[in-house]
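**Q** Need the 3D shape of this:
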Amino acid sequence: MDLLLLEKTLLSLFIAIILAITISKLRGKKIKLPPGPIPVPIFGNWLQVGDDLNHRNLTDYARKFGEIFLLRMGQRNLVVVSSPDQAKEVLHTQGVEFGSRTRNVVFDIFTGKGQDMVFTVYGEHWRKMRRIMTVPFFTNKVVQQYRHGWEFEISQVVEDVRNNKDAATVGIVLRKRLQLMMYNNMYRIMFDRRFESEEDPLFLKLKALNGERSRLAQSFEYNYGDFIPILRPFLRGYLKICKEVKEKRIQLFKDYFLDERKKLASTTALDNNGLKCAIDHIIDAEKKGEINEDNVLYIVENINVAAIETTLWSIEWGIAELVNHPEIQQKLRHELDTMVGVNVPITEPDTYKLPYLQAVVKETLRLRMAIPLLVPHMNLHDAKLNGFDIPAESKILVNAWWLANNPENWKNPEEFRPERFLEEESKVEANGNDFRYLPFGVGRRSCPGIILALPILGITIGRLVQNFELLPPPGQGKVDMTEKGGQFSLFIRNHSTIVAKPRVF
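**A** Alright, predicted model coming up:
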């Protein structure tokens, strides 16, 4: 950094400190804030807490300060909720008050400052976007329309793994093939398109850009510049890369997918009953003036990240747990053989008749929650929570992972034990009927993708267990389950190499 920039930064810091002290003395307003570590001027708790605000670190603070606590991260107030009662208050009882989304400097770039559905503030635009996206993506009709495609895609995975000699001997990174499957599952719904292989040039380009977007957005590296605006000049290089990746992705979506569907729609008479895929519904909403082209592109942006990557993470966690718990894998295989039939491929309707498979999926989502802190909430105005004053525009994090892993609420939560959902927790579902277990959130801003994710998880895990004995690589007793956390994500740090030994029928 040059001397002039350093001089300006230090001068701004000095002025900000003087202003903060002056304002705090002039305000004279007494408010009752949630407990938390004592902040210092300008930096707040950032120097104590650091950038890595993952679910486990926040759990440690909850143990110290209680079920609701406050971190002052520079100029941002971060309120963390860590009990079922307080989660219910934020997500349900006061769902309107806490229904907005806080963003950061990087997510502002990738979402066009909230022109999407996931990160827009709570209000008319969000309601419109949610309504437009629900019909083509998030209904039982969509599941029935596309479930045969999902079943075909996993059958292709099974065939490719069977034909891969390494799979049965030294092992393969199964995630790579499952990633293609997930892209095909969602691109069938979105664009009536699929990619033929992992070497498809367009798939490779798309995967690379989406991967870079995910890395940049999920990193904690840029937090300091988001928390303390006077430090933002140090982020210029990082934000420049984000803007370049965002522009390339948006242009790719437009050139290879959106324009193609628009051209098809202009040459083909389609009424509401004849719309073939999700983007046709969304383009129709654009034609009616309900949304603009940027909104359409940011909807595509959301689906590329939220629907594909999160479900893929959960599949990978589930497979890894089954590899490390062969007795559970065998028990699941026995249920599939008995209830569906030996060498009879599981289908989407079967998943609801297989209680142990459902329990395996639930337990994966509990112990290895893909979005452990949910997507952050925000109150637009001053609010009250558990008797505490919550300043306007506070970032509200619900530590959903801790809700589902707190030993005060769960029996031996550190164990991967699907039986809990058939025994003491038999009434608990993934749809948020119990505030101890919220893998998809609950309330107005819950994840609507639950209706797609659960059957895809069931079909995928079911078919793999039906067709293969899943084992760790030779010489390894277990696969590595080390976590890697991001701004809201939880995935396996090192993608698992799995031996998939074909069953002989």
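
**Q** Over to the nearest residue to residue 72 once chain neighbours are set aside: give its phi and psi.
**A** Among residues not flanking residue 72 along the chain, residue 44 sits closest, at 3.2 Å (CB to CB, 6 or more residues apart in numbering). The way it works is simple: take the backbone N, C-alpha and C, and place the C-beta from them, glycine included. Note on residue 44: its backbone torsions stand at phi 60, psi -130 [degrees, to the nearest 10].

**Q** How about the contacts made by residue 44?
**A** 71-76, 227 (CB atoms under 8 Å, 6 or more residues apart in numbering).

**Q** Show me just the buried residues among these.
**A** Among the contacts of residue 44, the ones that count as buried by 16 or more other CB atoms under 10 Å are 71-74, 76, 227.

**Q** Which of those residues fall in strands?
**A** 71-73, 76 (DSSP state E).

**Q** rewinding a little: just the buried ones among the contacts of residue 44 now: which is nearest residue 410?
**A** Nearest to residue 410 among the buried ones among the contacts of residue 44: residue 71, at 25.6 Å, using CB to CB.

**Q** ok, what's across the strand from the nearest residue to the closest one once chain neighbours are set aside?
**A** Computed as CB to CB, 6+ apart, the closest residue to residue 71 that is not its neighbour in sequence is residue 78, at 4.3 Å. The partner list for residue 78 in beta bridges (DSSP bridges) reads residue 71, residue 395.

**Q** Counting neighbours, what do you get for residue 78?
**A** 23 (other CB atoms under 10 Å).

**Q** same thing with residue 247?
**A** 11.

**Q** Same question for residue 59.
**A** 18.

**Q** which ones are touching it?
**A** Here residue 59 is in contact with 82, 399, 401-402 (criterion: CB under 8 Å, 6+ apart).

**Q** what about this structure, any weak spots by pLDDT?
**A** For the chain, residues meeting the criterion pLDDT under 70 lie at 1-29, 268-275.

**Q** would you list every one of the strands in it?
**A** With DSSP E, the ranges of strands along the chain come out as 68-73, 76-81, 377-378, 383-385, 388-390, 395-398, 468-471, 483-485, 490-492, 499-502.

**Q** Of all those, which one comes closest to residue 138?
**A** Taking CB to CB, strand 377-378 is the member of those nearest to residue 138, at 20.2 Å.

**Q** what's that closest one packed up against?
**A** Packed against strand 377-378 by the contact rule (3 or more CB pairs under 8 Å, 6 or more residues apart in numbering; DSSP states H and E) you find strand 395-398.

**Q** In CSV, could you pull the C-alpha coordinates for the strand it packs on?
**A** Output in CSV follows, covering the C-alpha atoms of strand 395-398 (Å, rounded to 0.1, in the frame of the first residue of the first chain):
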residue,chain,number,x,y,z
LYS,A,395,-27.0,-9.5,11.6
ILE,A,396,-28.9,-12.4,13.2
LEU,A,397,-27.3,-15.8,13.1
VAL,A,398,-29.2,-18.9,14.2
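
**Q** And it, what does it pack against?
**A** Against strand 395-398 (3+ CB pairs under 8 Å, 6+ apart) you get strand 76-81, strand 377-378.

**Q** Give me the residues contacting the shortest one.
**A** It refers to strand 377-378. 90-91, 98-102, 121, 393-398, 445.

**Q** buried subset of the residues you listed?
**A** The neighbour count (16+ other CB under 10 Å) marks 90-91, 98-102, 394-398, 445 as buried among those.

**Q** And the residues you listed, which is closest to residue 127?
**A** Residue 127 lies nearest to residue 99 out of the buried ones among the contacts of strand 377-378, by CB to CB, at 10.5 Å.

**Q** roughly how far apart are that closest one and residue 392?
**A** Applying CB to CB, to the nearest Å, the value for residue 99 to residue 392 is 14 Å.

**Q** And residue 158, by the same measure?
**A** 53 Å.

**Q** which of these two has more neighbours?
**A** residue 158 (18 against 11).

**Q** so the more buried one sits right up against residue 462, yeah?
**A** No - using CB atoms under 8 Å, residue 158 is not in contact with residue 462; the gap is 11.0 Å.

**Q** Please identify every residue contacting each of these two.
**A** Contacts common to residue 158 and residue 462, judged by CB under 8 Å, 6+ apart, are absent.

**Q** Return the distance of residue 330 relative to residue 497.
**A** Using CB to CB, residue 330 is found at 21 Å from residue 497.

**Q** Of the two, give the one with the bigger neighbour count.
**A** Neighbours were tallied for residue 330 and for residue 497 using other CB under 10 Å; the higher tally belongs to residue 497 (18 against 13).

**Q** Who are the contact partners of that one?
**A** Applying CB under 8 Å, 6+ apart, the residues near residue 497 are 170-173, 473, 479.

**Q** Selection in PyMOL covering whichever of those residues are buried, please.
**A** In PyMOL, this line selects whichever of those come out buried by 16+ other CB under 10 Å:
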select buried, resi 171+172+479
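
**Q** Now tabulate the contacts of residue 497 in TSV and tack on distance to residue 32.
**A** Supplementary listing: the contacts of residue 497 in TSV, determined by distance: CB to CB, whole Å:
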residue	distance to residue 32
170	61
171	56
172	56
173	52
473	55
479	48
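
**Q** Nice, that's everything, thank you.
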